[in-house]
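Asks: Sequence below, structure please.
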Amino acid sequence: MDHQILWLNRKEVESLLDMKGTLKVVEEAFRQHGEKKVQMPPKLYLYFKKHNGDLRTMPAFLEEQDITGVKIVNVHPDNPKIGLPTVMALVILNSTLTGAPVTIMDGTYLTDMRTGAAGGVAVKYLARRNSKTVGFVGTGNQAKSQLLAINEVLDIEEVKAISASEKQTLTFRDDMQNKVNCDIVPEKSIKEVCDCDILVTTTPSREPIIMNDWIAEGTHINAIGADAAGKEELDPLILKRARIIVDDIPQASHSGEVNVPISKKVMTVKDIAGELGEVIIGKKKGRTKDSDITVFDSTGLAIQDVATADMVYKKALKANLGMKLQQF
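Replies: Down below sits the predicted model:
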């Protein structure tokens, strides 16, 4: 018996992924999620407290497209100190007919791109259409992909940014300035960054860093950083004012921006207005008026990984990229 698995490394995945295509497949995955045509248990976590990190497994099956797989991904915020990315991942796609693995690919860049695309889809459906200014708190890889996605969805005129160090903020500006047709302005305080139409938070914070009185009516927030129990970036009073749209209610409840306020009984699951997929198919309302504050609570869904990896795999076959590994 001869069975081969296609291995795709990071460079190959990067060469096959663009934001426009990623936005398309991620929005389609959310649509299927809204129509209850996916199987996707909440991600499982292993916590390595002495190493300040965790490992997650994320399986999904998109029934309509008949594609399935699993992502294995870590989050170790101290990794950059030793020259490794904070997030590293592998994605395995399997045949639904036999269960055999058909491809294994680097999922690190893929994770950045699909998460950015989810933020872009959220902006498309939840932000005011005349939004012109985007603020970034945190300027790592995820901030870059969020900006690429939002830039595809809206005509941006100004980007404000701040991060843990001025050097990081300036690197973000220099890296992204030629990729978006607008000014990128480093700011001195988070409060100044919050004076914007769309706010994107991508930090690993475990306590609120965005205060309620800094957020004006009409603002849309992509809350990306809180993706594990105990993490939060937003003052819970913001959530009390906002229409909250999550990617997946069960997963967000235990690991999203809403996880701490729910655990402290500041809010309940009933305060969540709906899931992004439900907004896309028209089952739930996102923004109801210009003065709404909307929050997209993104935890990252396995359906995004499987849908994006399937697109990469099909492109790789057409381009004859990758290394064939003999399994048995």
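Asks: Just the pLDDT for residue 258.
Replies: Looking at residue 258, its pLDDT stands at 96.
Asks: since we're on it, how many residues are nearby?
Replies: Residue neighbour count, defined by other Cβ atoms under 10 Å, stands at 29 for residue 258. Placement of C-beta: from N, CA and C, glycine included.
Asks: just residue 178 next, same as before
Replies: Residue 178 sits with 7 neighbouring residues when counted by other Cβ under 10 Å.
Asks: Now it, what are its backbone angles?
Replies: Residue 178 adopts backbone torsions of phi -90, psi 0, taken as degrees, to the nearest 10.
Asks: How much space separates it from residue 119?
Replies: Going from residue 178 to residue 119 by Cβ to Cβ, to the nearest Å gives 21 Å.
Asks: What pLDDT is listed against residue 327?
Replies: pLDDT at residue 327 comes out at 85.
Asks: ok, now residue 297?
Replies: Reported pLDDT for residue 297: 97.
Asks: contacting residues for it?
Replies: By Cβ atoms under 8 Å, 6 or more residues apart in numbering, the residues touching residue 297 are 223, 226, 244, 245, 246, 247, 252, 256, 257, 258.
Asks: Make a markdown table from those residues and add distance to residue 123 and secondary structure to it.
Replies: As requested, the contacts of residue 297 are arranged in a markdown table below (distance: Cβ to Cβ, whole Å; DSSP: H, G, I helix; E, B strand; the rest coil):
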| residue | distance to residue 123 | secondary structure |
| --- | --- | --- |
| 223 | 13 | strand |
| 226 | 18 | coil |
| 244 | 15 | strand |
| 245 | 11 | strand |
| 246 | 15 | strand |
| 247 | 14 | coil |
| 252 | 18 | helix |
| 256 | 18 | coil |
| 257 | 16 | coil |
| 258 | 19 | coil |
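Asks: Just to check, residue 45 is in contact with residue 58?
Replies: No - taking Cβ atoms under 8 Å as the definition, residue 45 is not a contact partner of residue 58, at 10.2 Å.
Asks: of these two, who's got more company?
Replies: Higher neighbour count among residue 45 and residue 58: residue 58, with 26 against 15, using other Cβ under 10 Å.
Asks: Just list the residues touching the more buried one, thanks.
Replies: So, once contact is read as Cβ under 8 Å, 6+ apart, residue 58 ends up touching 43, 44, 70, 71, 72, 73, 300, 301, 302, 305.
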